[in-house]
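**Q** sequence and predicted model, in that order:
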Amino acid sequence: TAGMGTHDDVDARKLGELVHLEMNPGDLSIHHPNLVHCSDANTSSRRRCSLSIRYVSTDTYCFDDDQPLLLLRGEAVPGINWYRSWPKYRPGYDMAFEGSGQWNEKRYKDVKDEEYFARTDFKQMETEIRAELDVMMLELKDKQ
């Protein structure tokens with residue numbers, strides 16, 4: 001399968017300096033979303049994952065109601081969007097981090113989410129998440 005990208009090297013050279021960045025498995029690239037970037041095809045048997053994070057003000061309406069939004073700063077504007085609860089820290093299951101002892105008291109909570117975060121059947125939750133990912137991967141594969 002082809003790599004990801006919308007420009008080839010010739011187009012990229014017209015925009016400015018072309019920089020090759022070789023990464024190892026598990027590496028992370030953080031860059032501005034308007035940066036022209038691409039990659040060669042993934043020839044491994046493992047999936048390639050990306051995460052896109054966008055900061056918007058609380059008075060910006062997100063048209064996709066299924067798109068999860070997290071309130072990171074400020075106050076939610078009533079009637080604009082639904083902000084998901086921040087994930088709960090689960091000692092002994094999640095990797096500890098600086099401030100993890102106070103995380104659960106300080107995290108943003110929405111009552112519509114808290115039933116999910118009250119669950120302690122972690123193995124079942126992992127099974128459900130993996131099943132959802134499997135379906136998503138099959139859907140993506142069918143689109144190729």
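**A** That came in fine, so what should we check first?
**Q** next SSE downstream of the worst-scoring helix or strand of the chain on mean pLDDT?
**A** Of all helical and strand segments in the chain, the minimum by mean pLDDT, DSSP states H and E falls on helix 9-15, at a mean of 67. The first helix or strand that comes after helix 9-15 along the chain, using DSSP states H and E, is helix 100-106.
**Q** starting at the chain centroid, how far to the next helix or strand after that next one?
**A** Sequence order places helix 114-117 as the next helix or strand after helix 100-106, per DSSP H and E. Chain-centre distance of helix 114-117: 20 Å, with Cα atoms, centre = their mean, to the nearest Å.
**Q** can you tell me the centre-most residue of the chain?
**A** Leu51 (3.9 Å; Cα atoms, centre = their mean).
**Q** export the longest helix along the chain as CSV, just CAs?
**A** Secondary structure of the chain read by DSSP state H shows that its longest helix is helix 122-143. What follows is helix 122-143, C-alpha atoms only, in CSV (Å, rounded to 0.1, in the frame of the first residue of the first chain):
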residue,chain,number,x,y,z
PHE,A,122,-10.6,-3.8,33.6
LYS,A,123,-10.1,-7.1,31.7
GLN,A,124,-13.7,-6.8,30.3
MET,A,125,-13.1,-3.2,29.4
GLU,A,126,-9.9,-4.1,27.5
THR,A,127,-11.8,-6.8,25.7
GLU,A,128,-14.5,-4.3,24.6
ILE,A,129,-12.0,-1.7,23.6
ARG,A,130,-10.0,-4.3,21.5
ALA,A,131,-13.3,-5.5,19.9
GLU,A,132,-14.1,-1.9,18.9
LEU,A,133,-10.6,-1.4,17.5
ASP,A,134,-10.9,-4.6,15.5
VAL,A,135,-14.1,-3.4,13.9
MET,A,136,-12.6,0.0,13.2
MET,A,137,-9.5,-1.7,11.6
LEU,A,138,-11.7,-3.9,9.4
GLU,A,139,-13.7,-0.9,8.3
LEU,A,140,-10.5,1.0,7.4
LYS,A,141,-9.2,-2.1,5.6
ASP,A,142,-12.4,-2.3,3.5
LYS,A,143,-11.9,1.4,2.4
